[in-house]
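Q: give me the fold of what follows.
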Amino acid sequence: CSLHHSFQRGVVMHKADAVTIDSNVVFHVVGHMFHMEGGVERGNRFTRNLGVLALKSTIWKKDKSPAVFSITNPTNFFAGNVAVGSAGHGFYMMLFDSPGGGCCACKKKIQFEPLGSFDDNLAHSNAVDGLLIDGHHPKNGLTHWYRFTGYHNWRMGVMTAIVSNHLYHDFTLAGNRRGN
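A: Residues are numbered from 1 along each chain as shown. Presented below is the predicted three-dimensional model:
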């Protein structure tokens, strides 16, 4: 499937569980391209998707720094995806200020949930970070992230903020402004 030249986001999941988003192309979209909206979405699989040119929104505050993959719940699976040329981030896992849609108690627990998986993903030429992980503290031991490639991102290949219990395997970072 391909989606292009949208003026309001690409693929949006809202309160959806166990859905597979596979082999899609999203191009030249205003706002987030592959987005989980409520923060309560669990067990979804994003595989072999390509997102190119996520543009800033002048209307929606949450899309002023768009992500190709906007992740609001860590219990999902990401494999073989490519994020290119976002006006914000390639992959953005933000667990503190996730959008509405879930109850407050559920949102507060999201940051402690285990990672589904994050394997063989690539981000390049994004205006901020290739991968930003913010506010993840899994309580089930170490979280393993495998084979991420980040290059030519304006700020960093990988940026982590307020995280714990993470272990990164076979990451390749090159040509980013900082954080190689």
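
Q: which stretches of this structure have low pLDDT?
A: 96-108, 179-180 (pLDDT under 70).

Q: show me where it has its helices.
A: Here the chain has its helices, by DSSP state H, at 104-110.

Q: shouldn't H4 be in contact with H28?
A: Yes. Contact criterion C-beta atoms under 8 Å: H4 and H28 qualify, at 5.6 Å. Where you see a C-beta, it was placed from the backbone N, CA and C, and this is true even at glycine.

Q: who has more neighbours out of these two?
A: Taking other C-beta atoms under 10 Å, H4 and H28 do not tie; H28 has more neighbours (15 against 12).

Q: if I pick that one, what's in contact with it?
A: H4, H5, S6, V52, L53, L55 (C-beta atoms under 8 Å, 6 or more residues apart in numbering).

Q: let's see 6 Å
A: The neighbours of H28, taking C-beta atoms under 6 Å, 6 or more residues apart in numbering as the test, are H4, H5, L53.

Q: of those, closest to H89?
A: L53 (13.4 Å; C-beta to C-beta).

Q: from V163, how far off is that closest one?
A: L53 sits at a distance of 28 Å from V163 (criterion: C-beta to C-beta, to the nearest Å).

Q: which one of those two is surrounded by more residues?
A: A count of neighbours by other C-beta under 10 Å puts L53 above the other of L53 and V163, at 19 against 16.

Q: quick check: the more buried one touching G85?
A: Yes. Applying C-beta atoms under 6 Å, one finds L53 in contact with G85, separated by 4.8 Å.

Q: just grab the bridge partners of L55 for me.
A: V30 (DSSP bridges).

Q: okay, now V19: neighbour count?
A: V19: 13 neighbours (other C-beta under 10 Å).
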